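# compute the structure for the input listed below.
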Amino acid sequence: MPLNLTPEQYREMFNKLPKETQDLALSEETAKSVFDTCIANDVDVDKISEVAKYVGYVLVGALKEDDFTIALEEEVALGKKIAKRIAEDIAGEVFNKIGEKPAAPAAVPTPPKLVPAE
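Coordinates of the predicted model:
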């Protein structure tokens, strides 16, 4: 099931984040990590923005970090191995820098747990 937030929903969730997480989401370092990780894993340039979108969804709490790999497979159409490598790299370079993981606000329905396609 695709996850698409309106700009207003995203902004509302973003504004509730601690400043440290907001800074991380907007940092050049995070953008470079996502870009470099995608390039190192031969992701098509036109898919990098989709990967970045799902990184943002994790950072604001709209997507559980545990579902990030599945979102990359299903929504960005990356192969299972590539999606897993990207998720592991981004977790180490970006997600692990978050002090407290954001909880999904009550105003936006918590997305269902994604299940990999068989």
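
# make it CA atoms for all contacts and neighbour counts henceforth
Fine.

# quick one: residue 26 from residue 18, how far?
13 Å (C-alpha to C-alpha, to the nearest Å).

# tell me the centre residue of this structure?
residue 55 (1.9 Å; C-alpha atoms, centre = their mean).

# right, and the helix or strand after the helix or strand where that one lies?
Residue 55 belongs to helix 45-60 when assigned by DSSP states H and E. Heading C-terminal from helix 45-60, the first helix or strand you meet, by DSSP H and E, is helix 68-74.

# now do that following helix: which elements does it pack against?
Judged by 3 or more C-alpha pairs under 8 Å, 6 or more residues apart in numbering; DSSP states H and E, helix 68-74 is in contact with helix 45-60, helix 80-93.

# residue 69 is in contact with residue 87, correct?
Yes. Using C-alpha atoms under 8 Å, residue 87 is in contact with residue 69, at 5.6 Å.

# so residue 37 versus residue 28, what's the distance?
Counting by C-alpha to C-alpha - residue 37 and residue 28 are separated by 14 Å.

# residues touching the closest residue in space to residue 82 that isn't next to it in sequence, list them.
Closest residue in space to residue 82, ignoring its immediate chain neighbours: residue 41 at 6.5 Å, by C-alpha to C-alpha, 6 or more residues apart in numbering. Contacts for residue 41 (C-alpha atoms under 8 Å, 6 or more residues apart in numbering) come out as 82, 85-86.

# go through the residues you listed and give me the one with the most neighbours.
Among the contacts of residue 41, residue 86 has the most neighbours (other C-alpha atoms under 10 Å), with 23 neighbours.

# pull the number of nearby residues for the closest residue to that residue other than its chain neighbours.
Distances taken as C-alpha to C-alpha, 6+ apart put residue 37 closest to residue 86, at 6.3 Å, once the chain neighbours are dropped. When neighbours are defined as other C-alpha under 10 Å, residue 37 has 20 of them.
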